[in-house]
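In: Following is a predicted model, sequence given first.
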Amino acid sequence: MRFQTPLIPARLIRRYKRFLADIELEDGSQVTAHCPNPGSMLGLSQPGTKIWVEPNNDPHKKLKYGWHLVEHDNGHFTGINAGSANKIVKEALIGREIKDLDTFSTCRPEVKYGKSSRIDFLLSSSINNVPDTFVEVKSVTLMRQFGLAEFPDSVTGRGLKHLEELSKIAKSGKRAVLFFLVQRSDCTAFDIASDIDPAYGKAFQRFKLQDIEVMVYSCALSPDGIKIDKKLPV
């Protein structure tokens, strides 16, 4: 996924009301940018953090900058736009870059299923007796121990609901996949942050044993764009 407009560097002044961030541009001017991440962004929103934002001239948008990346002191990046995860995964699916999910004839996004839910991707095959694959994508940005990505970064009732829905899909004989996309370039393994959300941690362990497939992939990130990189161990 390439950014539509070249990103420019800035410094974070503060993040507030979840979706707003005051930033300082390289010329010293201070503006408010859109923060496209509803989570806690634990470890990613300290004042003074170097970030990368996308300018826009869309007259319909109130904010003229959108925050996309955090640049860490070690040269690694984190993608903070939760909405980008599905775009990144879709490109990888269409490009057959995910080995465990490369056998399908159609890829349909945002298909209704369960109780008032929408699956991120429904993969169907034209081969007889091959079950549909339901893929739920989660964006991962938390790292508290170097090299270890974790999810969630706050209590997630929505994530718990998705686990329950995927479990029902698996029990019906179809393929249910929970896909964690680690939007960081500095992680080599993944785990569930059960101390942050004990209910999610318990449900994850329970439903994982009930045939929900768990896949974790890292990303390669730069101010030019983000793409799927490597499969990580859980």
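Out: It's in.
In: which of the residues in the longest helix seen in the chain are buried?
Out: Ordering each helix of the chain by length in residues (DSSP state H) puts helix 157-171 first. By 16 or more other Cβ atoms under 10 Å, the buried positions in helix 157-171 come out as 159-160, 162-163, 165-167, 169-170. Just so you know, the C-beta spots here come from the backbone N, C-alpha and C atoms, and that holds for glycine as well.
In: Next: stretch 205-217.
Out: In terms of neighbour count (16+ other Cβ under 10 Å), stretch 205-217 has its buried residues at 207-208, 212-213, 215-217.
In: and if you look at stretch 5-17?
Out: Neighbour-count burial for stretch 5-17 flags 7, 10, 12-13, 15 (criterion: 16+ other Cβ under 10 Å).
In: quick one: contacts of the helix or strand hosting Lys87?
Out: If you go by DSSP states H and E, Lys87 is part of helix 84-94. With contacts defined as Cβ atoms under 8 Å, 6 or more residues apart in numbering, helix 84-94 is touched by 1, 36, 68, 97-98, 101, 104, 107, 109, 120-121, 123, 135, 137-139, 179, 181, 183, 217, 219, 226-228.
In: quick revisit: which of the buried residues of stretch 205-217 sits closest to Pro233?
Out: Taking Cβ to Cβ as the measure, Pro233 lies nearest Val216 of the buried residues of stretch 205-217, at 7.5 Å.
In: quick one: the closest one and Pro6, what's the gap?
Out: Val216 sits 30 Å away from Pro6, going by Cβ to Cβ, to the nearest Å.
In: Check Val31 too.
Out: Computed with Cβ to Cβ, the distance linking Val31 and Pro6 is 17 Å.
In: how about this structure, which residue sits the furthest from its center?
Out: With distances taken as Cα atoms, centre = their mean, the residue sitting farthest from the centre of the chain turns out to be Asn128, at 32.4 Å.
In: Report the contact partners of that residue.
Out: Residues near Asn128 by Cβ under 8 Å, 6+ apart: none.
In: Secondary structure class of it, three-state.
Out: Under DSSP: H, G, I helix; E, B strand; the rest coil, Asn128 falls in the coil class.
In: how close does it sit to Asp211?
Out: Taken as Cβ to Cβ, the span from Asn128 to Asp211 is 21 Å.
In: Fine by me, we can end here.
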